[in-house]
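Asks: Okay, here's the prediction I keep looking at, along with the sequence it came from:
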Amino acid sequence: MSSSAMPPAQPTALYGGTSGRRVTVRDIAAAKERHEKWPMLTAYDALTARIFDEAGIPVLLVGDSAAMVVYGYDSTIPVTVDDLIPLTAAVVRGSKRAMVVADLPFGSYQTGVAEALTTATRFMKETGAHAVKLEGGRRNIPQVEAMVAAGIPVMGHLGLTPQSVNAFGGYRVQGRGQDGDELMADAKALEAAGAFSVVLECVPEDLAARVTSSLSIPTIGIGGGNRTDAQVLVWQDMAGLTPHTAKFVKKFADMNTLLGDAARSYADEVVSGVYPAPEHAYR
Ligand SMILES: Nc1nc(=O)c2c([nH]1)NC[C@@H]1CN(c3ccc(C(=O)N[C@@H](CCC(=O)O)C(=O)O)cc3)CN21
Ligand SMILES: CC(C)C(=O)C(=O)O
Ligand SMILES: [Mg+2]
């Protein structure tokens, strides 16, 4: 057994569970009733999806953050449905147990119900994703209701919604002061519209805690403190690959150094002739 296939040290029902089937929205709802915290990570390819799936991560998000960490744009605005569909399909193929959530990109759901349904339906049919996610609260309620009515589980996303970076004037904490009441109203509207969970990004921890205890659906924090039902991070941030990260990021590995060292060792051995050695050659 490779180290990546080791079971988690301290599994819970959701994290590292061994039911032999995909995690569902019902499993996620049940975890909130048990007050069981759970981890979510982004993934953008089959190889990392397999690693995180075998590590027991119950939910994988194919984030529109792919715009930045995969495609090299400086915001999430430019990425398209056609950019994200192959990545999402790869994550579904690479995983066995995780629920895979497809992030709907900027400009693929805002104009109304018909556009949102067309986009969400494409992700469900063409990638095998199990749910979709969109940014915003009350402004998108008709879209959320239509997707839920069509049988598509919807994850909401409030607070620092990066597709609105130009309106915010930068990646800034959201929901301070009076804005907290607006965010609470958006969260309740998403729950009433049938969303199965909601991401709270870059909001004061007390607000995230109040939303978490006010909703029956789970909250997933990223820069929302320790009292949300779940947490999510962009995997390259968590693994220490990205050079500049927000305050909420903890680096659980130093893959930037690890991969750079590996590339330098490989290059040194090619230049010196040490690699390939006889055992790497065919005869
Ligand atoms: N690699 C990566 N990680 C992410 O978490 C992420 C992306 N990309 N791309 C899309 C958005 C952009 N995100 C960001 C980017 C920057 C901050 C940031 O630097 N925030 C300031 C807050 C300053 C304040 O208002 O006090 C910080 O210092 O943490 C936060 C979220 C989150 N998302
Ligand atoms: C960070 C998460 C919540 C996200 O929306 C993304 O990765 O695009
Ligand atoms: Mg996103």
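Replies: Now that the structure is in, tell me what you want to look at. Ligands and ions are numbered 1, 2, ... in the order given.

Asks: Nearest spatial neighbour of residue 218, chain-adjacent residues omitted?
Replies: Residue nearest to residue 218 in three dimensions, not counting chain neighbours: residue 229, with 3.8 Å by CB to CB, 6 or more residues apart in numbering. All C-beta atoms are positioned from the backbone trio N, CA, C, and that covers glycine.

Asks: residues in contact with the one you found?
Replies: Contacts of residue 229 were listed using CB atoms under 8 Å, 6 or more residues apart in numbering, and they are 31-32, 37-38, 212, 218-220.

Asks: Need those residues in a markdown table (columns: secondary structure).
Replies: Shown next, in a markdown table, are these (DSSP: H, G, I helix; E, B strand; the rest coil):
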| residue | secondary structure |
| --- | --- |
| 31 | helix |
| 32 | helix |
| 37 | coil |
| 38 | strand |
| 212 | helix |
| 218 | coil |
| 219 | strand |
| 220 | strand |
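
Asks: can you pick the most crowded of those residues?
Replies: Within those, residue 220 tops the neighbour count with 28 neighbours, counted by other CB atoms under 10 Å.

Asks: count of residues packed around the nearest residue to it once chain neighbours are set aside?
Replies: Distances taken as CB to CB, 6+ apart place residue 230 nearest to residue 220, at 4.2 Å, with adjacent residues excluded. Around residue 230 sit 24 other residues, with neighbours defined as other CB under 10 Å.

Asks: Pairing partners for residue 230 in the sheet, please.
Replies: Per DSSP bridges, the residues bridged to residue 230 are residue 38, residue 220.

Asks: give the contact list for it.
Replies: 37-40, 59, 197, 218-221.

Asks: same thing with residue 247?
Replies: The neighbourhood of residue 247, defined by CB under 8 Å, 6+ apart, consists of residue 223.

Asks: Assign it to helix, strand or coil.
Replies: coil.

Asks: State the distance from it to residue 214.
Replies: Distance, residue 247 to residue 214, using CB to CB, to the nearest Å: 25 Å.

Asks: got the residues of this protein near ligand 2?
Replies: Proximity of the chain to ligand 2 is confined to 42, 61, 63-65, 103, 157, 199, 201, 222, 232, 234 under the rule CB under 6 Å from any ligand atom.

Asks: hmm, try it at 8 Å
Replies: 42, 61, 63-66, 76, 103, 133, 135, 157, 162, 199, 201, 220, 222, 232-234 (CB under 8 Å from any ligand atom).

Asks: Keep only these that also lie close to ligand 3.
Replies: Among those, the residues that sit close to ligand 3 (CB under 5 Å from the ion) are 63-64, 103.

Asks: Sitting in strands, which of those do you find?
Replies: residue 103 (DSSP state E).

Asks: May I see the PyMOL selection of the buried members of the ones next to ligand 3 among the residues of the chain next to ligand 2?
Replies: Only the buried entries of these go into this PyMOL selection, using 16 or more other CB atoms under 10 Å:
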select buried, resi 63+64+103
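
Asks: how about the helix or strand hosting residue 155, does it reach ligand 1?
Replies: For residue 155, the element it lies in under DSSP states H and E is strand 154-159. No. Applying CB under 8 Å from any ligand atom, one finds strand 154-159 separated from ligand 1 by no less than 9.7 Å.

Asks: residues making contact with stretch 203-218?
Replies: Outside stretch 203-218, the residues within contact range by CB under 8 Å, 6+ apart are 28-29, 31-32, 158-160, 173-176, 180, 183-184, 187-188, 190-191, 195-198, 200, 219, 221, 223-230.

Asks: check the residues you listed against ligand 3, which are close?
Replies: When the contacts of stretch 203-218 are checked against ligand 3 using CB under 5 Å from the ion, none falls in range.
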